[in-house]
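**Student:** Prediction below, plus the sequence it came from.
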Amino acid sequence: MMAILREYYRPATVAEAVSLLAEGGGRLAPLAGGAALVGQLETRSAPEIQGVVDLRELGLDGIDADLETVRLGATATLTDVMEHEIAGRMAGGILSRAARGEGPVNLRNAATVGGVVAGAAPDSEFYAALLALDARVVTVNGQGESTQLLAEMGEVEGLITVVILPRREPGSGLARIAVTPSDRPIVAAIAVVGEDGADRVALCGVDDRPVFYGGALDPPGDFKASGKYRLEMAEVVTRRALAEAMR
C-alpha cells in the first residue's frame, strides 16, 4: 500500500489525528484495519486519497463494559468484539452472529467497528445489529466531541472514537438470504425484542445503508437480485428474525 501513497502519518493523540484529517482537505483518510481502504487504494477507486492517518497509536481499540453500557473502541476489530466476554455475548450473541456475515476470519481480524460505521455498507449485518441495539457514536472534530444516535447519522464528520451500546439483554434474531451461507447477504434482518415486548428491526440490502424496518423502501436492483425481490424478501427475513427473537 505504501507504494501508492504520497503521505503517511502516525499521530500519537486523537487531537493530532483530527488536526491532520482536517488539514488534509479530503486527500487524507483515516487508516485502522484497512479492510475497505486498502482495496480502494489498490484499485484506484478512490483517486482523491493521497495519504493516510494511521490510528494504531491512539488507544482506540479497547472494549469496556459497566452496568449500563458497553463501549466498543473504534479500532477494535470485529474479532475483538466476537471474543469479548460481554460484547460478544450480549443480546444472545447478536454482534458475534452479525460479524460473521461481514466476511471470513481474515477480514474480521482487520475490519474495525469504526470502519464498519464509517463505511455504512448497504449489506452490512454488523451495522444493522448496531442499529437494532440502539447504538450511539462518539466523534471528535475541530469543534470538539459529540455523541449521536447511529440511526440519525449521515456522513461521518470527524473521527469516530467509540460506539456505545446500552447494556441490555433483549431477545434477538437474525435472518438472512444469500447466494451461499458464506456470502454477504442479499437481504438480512436483525431483530431485538425487549422485555416490554417492544421490538426494533434493522434491515440491510434494501437501501444505500442499513435502515430500520417500517419506513418506505425502494431498493435498487443489481447483479445479485432485483429491487422487487429484495423488497419481498425484506418482509420474509423480518418475520423470521422476529420469530427467533421472541422465542
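**Tutor:** Sure, I can see it.
**Student:** CA atoms for contacts and neighbours, from now on please.
**Tutor:** Will do.
**Student:** pLDDT on stretch 17-31, on average?
**Tutor:** Throughout stretch 17-31, pLDDT has a mean value of 86.
**Student:** With only the CA atoms kept, save it in PDB.
**Tutor:** Provided in PDB are the C-alpha atoms of stretch 17-31 (Å, rounded to 0.1, in the frame of the first residue of the first chain):
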ATOM      1  CA  ALA A  17      -5.200  12.900  14.200                       C
ATOM      2  CA  VAL A  18      -8.200  15.100  14.000                       C
ATOM      3  CA  SER A  19      -6.000  18.100  13.000                       C
ATOM      4  CA  LEU A  20      -4.300  16.100  10.300                       C
ATOM      5  CA  LEU A  21      -7.500  14.900   8.800                       C
ATOM      6  CA  ALA A  22      -9.000  18.500   8.900                       C
ATOM      7  CA  GLU A  23      -5.900  20.000   7.200                       C
ATOM      8  CA  GLY A  24      -5.900  17.200   4.600                       C
ATOM      9  CA  GLY A  25      -8.900  18.600   2.900                       C
ATOM     10  CA  GLY A  26     -10.200  15.200   1.800                       C
ATOM     11  CA  ARG A  27      -6.800  13.900   0.500                       C
ATOM     12  CA  LEU A  28      -6.100  12.100   3.700                       C
ATOM     13  CA  ALA A  29      -8.100   9.100   5.000                       C
ATOM     14  CA  PRO A  30      -8.100   7.500   8.500                       C
ATOM     15  CA  LEU A  31      -6.500   4.100   8.500                       C
END
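**Student:** what sits up against that stretch?
**Tutor:** 7, 11, 37, 48-55, 140-142, 158-159 (C-alpha atoms under 8 Å, 6 or more residues apart in numbering).
**Student:** those strands in this protein, which residues are they?
**Tutor:** 7-9, 28-31, 51-54, 63-65, 69-73, 136-141, 144-149, 159-166, 171-177, 187-193, 199-204, 211-212 (DSSP state E).
**Student:** The third one packs against which elements?
**Tutor:** What it means is strand 51-54. strand 7-9, helix 14-24, strand 28-31 (3 or more C-alpha pairs under 8 Å, 6 or more residues apart in numbering; DSSP states H and E).
**Student:** Relative to Val163, which of the ones you listed is closest?
**Tutor:** helix 14-24 (15.6 Å; C-alpha to C-alpha).
**Student:** tell me the angle that closest one makes with strand 136-141.
**Tutor:** Here helix 14-24 runs at an angle of 70 degrees relative to strand 136-141 (axes from the mean of the first three to the mean of the last three C-alpha atoms, to 10 degrees).
**Student:** would you list the helices and strands packed on strand 51-54 in CSV and tack on mean neighbour count and distance to Val237?
**Tutor:** Shown next, in CSV, are the helices and strands packed on strand 51-54 (neighbours: other C-alpha atoms under 10 Å; distance: least, C-alpha to C-alpha, whole Å):
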stretch, mean neighbour count, distance to Val237
strand 7-9, 15, 43
helix 14-24, 17, 40
strand 28-31, 20, 34
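**Student:** Present the ones you listed as TSV; the columns should include distance to Gly73.
**Tutor:** Listed next are the helices and strands packed on strand 51-54 as TSV, based on distance: least, C-alpha to C-alpha, whole Å:
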stretch	distance to Gly73
strand 7-9	20
helix 14-24	13
strand 28-31	14
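**Student:** and Ser124, which of these is closest to it?
**Tutor:** Across the helices and strands packed on strand 51-54, closest to Ser124 is strand 28-31 (C-alpha to C-alpha), at 19.4 Å.
**Student:** Pairing partners for the closest one, with directions?
**Tutor:** Here strand 28-31 has these sheet partners by DSSP bridges: strand 51-54 (parallel).
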